[in-house]
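Engineer: Sequence first, then the predicted structure, then my questions.
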Protein chains: 2
Amino acid sequence: MGQANKLKNQILMKDRKLGYRNFPMVPRVVYGRGSFDQLADILLPKRRNSDAPMIFLVDDFFEGKELQGRIPLLFNDQIIFVSADEEPKTDQVDALVAQLRETFDEPPSGIIGIGGGTLLDLAKAVAIMLNNTGKAERYQGWDLVEKPAVYHVGVPTISGTGAEVSRTTVLLGPEKKLGINSDYTVFDQVVLDPELVATVPKDQWFYTGMDCFIHCVESLNGTYLNAFSQSYGDTALTLCKEVFLKDLSEEEAQDKLMMASWHGGMSIAYSQVGIAHALSYGLSYLLGVKHGIGNCLVFQHLEEFYPEGVQMFNQMLKKHQIKLPKGVCANLSKEDFNTMITVALGMEALWENALGRDWKKVIGPKKLRSIYEKI
Amino acid sequence: MGQANKLKNQILMKDRKLGYRNFPMVPRVVYGRGSFDQLADILLPKRRNSDAPMIFLVDDFFEGKELQGRIPLLFNDQIIFVSADEEPKTDQVDALVAQLRETFDEPPSGIIGIGGGTLLDLAKAVAIMLNNTGKAERYQGWDLVEKPAVYHVGVPTISGTGAEVSRTTVLLGPEKKLGINSDYTVFDQVVLDPELVATVPKDQWFYTGMDCFIHCVESLNGTYLNAFSQSYGDTALTLCKEVFLKDLSEEEAQDKLMMASWHGGMSIAYSQVGIAHALSYGLSYLLGVKHGIGNCLVFQHLEEFYPEGVQMFNQMLKKHQIKLPKGVCANLSKEDFNTMITVALGMEALWENALGRDWKKVIGPKKLRSIYEKI
């Protein structure tokens, strides 16, 4: 820890010169079981006129389900169902924006994302792109967005991604998987209704919850960290441990995991993820493996880097009888491995956070290949 | 706990009918040691023109100190030093607003409060009243403010009040001590720089930290609570215990107490304070006892209601060799006691939170007088 603290201080000193990030928070949040039904009242004052619709981007899992009937449609509002089977893509965002521009004379009054990380990220990106020119891929990176987004609301229906509170929307572009990180990305409003997660399949519940857990282990063990982010990360980690290792009632587990995701997302303000995320980005880029399960597939083999975290993770797998897929990388070519390794090693900030400035001395293509081969 | 849970559920059901509060969060926060020096850059884009000044309301403790020289003055900006010896008053707000209207042709570009709870509350109230007509006392209550406040920034220089993040500004009016509770009260920007608390006198540090600790004990033991507020309250309480019962380095203690105050303030979203605050309001109304020390004076005698909390509080007093004043109520008349009792019993929501709907069966003037007499 002496070494880690030293590095941490070096980095904080560096930050201090550059200035600390002036972090944007979601300016409005409602939390409560059944709070989804307040959406009508929340949207009303944001409707510019009856020709400027509210657009609901909704996980197609909910098509024909009870929740669909509770979406507060008015005037020419539209529900667009989107599959969350794949990670969100920049050309998908471009297509949605083109569709909305073509269908409506007026720009939408608002974009409401209802679903998991994929839907929330799509809603953020569509809201940004409606007010900015060109293709979405142009804005992948840090602070490239020029104009404020259209009013946008996030309604998570699964807990763990932190997408409801983060200032990024992670998209798979033609060249890279990278977030549109900007102050304008942040939702204007979030509705946290733990009842909405009741229909999540168990595997999905676990993988997405582990997104939060792994994220916290990485950020709390990283060299980028201050008391602000630590306090949020500690809270999220404590809640994850309660949810996945204790015997809570179903309702309490839903309530607490929703809050774990929220605090986990906030903890990113002045921290960074680490090795699992870097490697998982490679898996996702090459094979389209979804973020939550991708993190789990990688994390199980990182005991060397996160001994306590991996041990807890194994307990959680066992308690919930989750069997991770095997042989995911079994039939890959040398070229495939190299693609994943290049993507993973490209995430320099993540490696620096995990291993310090001299991370290249500790880790290289060979080590990464040996981890990918186990997956 | 069965009884408490039942009550809690009754109240949540009631809430559900009315709708959960759509809670406003501070939309921008910067955290870090030395982050105060980013204030110039933060304010620059908010300056409407060179005739619309930034007004810095600053605790007069800092007059002539190093911090004064670091306040980023431009054009006709003004620093107004204010004593924090007394709680903020509605007529003080009215006088400040009148002074600003008289001095400047243009309304200010922004109001920046630099200090403890008194200064932060004054800054919030002045920012509101610059854009609203009449006297400040008119807006004491819930959601009475009609127009958005002038841009306002909070820079705490002591930790514990939660004023930096709350949607209220508690003012002593001619008739009552009551907050201006509104969505417009919330700061547009907060700067959390733990270095600024370095000059706080030890007693003041303790009393204000206890404001946070006692607030958490009350809200976590209350019947108004959900997972949102509990997660913030638990975090704040954990941080308070670390700061006041463990042996942290000075820097770490400063960092963590600043975060405790932040989370403690957030936890109020869906919770409520309790008995110590109700009684402390009475003390403050009659004798002008400041909020932090008032809470301590009361809380020491509440073991019956908060056994664990009071025990921890006594440990904290001992560890930091804090001697609370005695005989504060020794020479009061019957009328004085009645005044305090009336103010305290008027805080119905606080009593209901602490003791449930039938609180009037448990507590009355006699019991309150017996507690005040010990102080």
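Structural biologist: Arrived safely, thanks for sending.
Engineer: Which helix or which strand is home to A:Gly265?
Structural biologist: In this structure, A:Gly265 sits in helix A:250-267 according to DSSP states H and E.
Engineer: next one: the one helix or strand A:Ile128 maps to to chain centre, how far?
Structural biologist: In this assignment (DSSP H and E), A:Ile128 forms part of helix A:117-129. Between the centre of helix A:117-129 and the centre of its host chain there is 11 Å, according to CA atoms, centre = their mean, to the nearest Å.
Engineer: next one: stretch A:304-312
Structural biologist: Using CA atoms, centre = their mean, the distance from the centre of stretch A:304-312 to the centre of the chain it belongs to is 22 Å.
Engineer: Ok, stretch A:192-205 next?
Structural biologist: Taking CA atoms, centre = their mean, the mean C-alpha location of stretch A:192-205 is offset from the chain mean by 16 Å.
Engineer: Can you list the buried residues in it?
Structural biologist: Going by neighbour count (16 or more other CB atoms under 10 Å in any protein chain shown), the buried part of stretch A:192-205 is A:192-197, A:200, A:204-205. All C-beta atoms are positioned from the backbone trio N, CA, C, and that covers glycine.
Engineer: just the angle between the helix holding A:Ile128 and helix A:250-267, please?
Structural biologist: Note on geometry: by axes from the mean of the first three to the mean of the last three CA atoms, to 10 degrees, helix A:117-129 and helix A:250-267 are set 40 degrees apart in direction.
Engineer: Give me the mean pLDDT for the helix holding A:Gly265.
Structural biologist: Along helix A:250-267, the predicted local confidence has a mean pLDDT of 97.
Engineer: Can you list the helices and strands that the helix or strand just after it packs against?
Structural biologist: Read in the C-terminal direction, the helix or strand following helix A:250-267 is helix A:275-287, with elements assigned using DSSP H and E. Helix A:275-287 is packed against strand A:177-181, helix A:202-220, helix A:291-299, helix A:334-345, helix A:348-355, helix A:365-374, with contacts defined by 3 or more CB pairs under 8 Å, 6 or more residues apart in numbering or on different chains; DSSP states H and E.
Engineer: quick one: helix A:275-287 to chain centroid distance?
Structural biologist: Here helix A:275-287 is found 14 Å from its chain centre; the criterion is CA atoms, centre = their mean.
Engineer: residues in contact with that helix?
Structural biologist: A:87, A:172, A:176-177, A:214-215, A:218, A:289-291, A:294-295, A:297-299, A:302, A:305-306, A:328-329, A:332, A:336, A:339-345, A:347, A:350-351, A:354-355, A:368, A:371-372, A:375 (CB atoms under 8 Å, 6 or more residues apart in numbering or on different chains).
Engineer: Check stretch A:19-27 too.
Structural biologist: Among residues not part of stretch A:19-27, those counted as contacts by CB under 8 Å, 6+ apart are A:154, A:164-165, A:167, A:183, A:186-190, A:266, A:269-270, B:24-32, B:35, B:38, B:41-42, B:189.
Engineer: buried sites along that stretch?
Structural biologist: By neighbour count with 16+ other CB under 10 Å, stretch A:19-27 contains the buried residues A:20-27.
Engineer: circling back to that earlier point, want to throw the buried residues of stretch A:192-205 into TSV with pLDDT, secondary structure and distance to chain B?
Structural biologist: Putting the buried residues of stretch A:192-205 into TSV (pLDDT from 0 to 100; DSSP: H, G, I helix; E, B strand; the rest coil; distance: CB to the nearest CB, whole Å) gives the following:
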residue	pLDDT	secondary structure	distance to chain B
A:Leu192	98	strand	7
A:Asp193	98	coil	9
A:Pro194	98	helix	7
A:Glu195	97	helix	11
A:Leu196	98	helix	14
A:Val197	98	helix	12
A:Val200	96	coil	17
A:Gln204	95	helix	21
A:Trp205	97	helix	17
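Engineer: Among these, which one lies nearest to B:Val145?
Structural biologist: A:Leu192 (25.7 Å; CB to CB).
Engineer: ok, what's across the strand from the closest one?
Structural biologist: Partner residues in beta bridges with A:Leu192: A:Tyr31, with DSSP bridges as the criterion.
Engineer: Next, the contact list for it, please.
Structural biologist: Contacts of A:Leu192 (CB under 8 Å, 6+ apart): A:29-32, A:35, A:156, A:164, A:258, A:262, B:228.
Engineer: Farthest pair within those residues?
Structural biologist: Taking CB to CB as the measure, the contacts of A:Leu192 have their most distant pair in A:Gly32 and A:Glu164, spaced 14.9 Å apart.
Engineer: that older thread, mind giving me the packing neighbours of the helix or strand that comes right after the helix holding A:Ile128?
Structural biologist: Note on helix A:117-129: by DSSP H and E, the next helix or strand toward the C-terminus is strand A:141-142. In this structure, strand A:141-142 makes packing contacts with strand A:177-181, judged by 3+ CB pairs under 8 Å, 6+ apart.
Engineer: So what touches the strand it packs on?
Structural biologist: A:87, A:124-125, A:128, A:136, A:139-145, A:167-171, A:185, A:281, A:284-285, A:343.
Engineer: Got a quick PyMOL command for the buried subset of the contacts of stretch A:19-27?
Structural biologist: Here the buried members of these are turned into a PyMOL selection, burial being counted by 16+ other CB under 10 Å:
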select buried, (chain A and resi 154+164+165+167+183+186+187+188+189+190+266+269+270) or (chain B and resi 24+25+26+27+28+29+30+31+32+35+38+42+189)
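Engineer: Filter the contacts of stretch A:19-27 down to the ones in helices?
Structural biologist: Using DSSP state H to define helices, the subset of the contacts of stretch A:19-27 located there is A:266, B:41-42.
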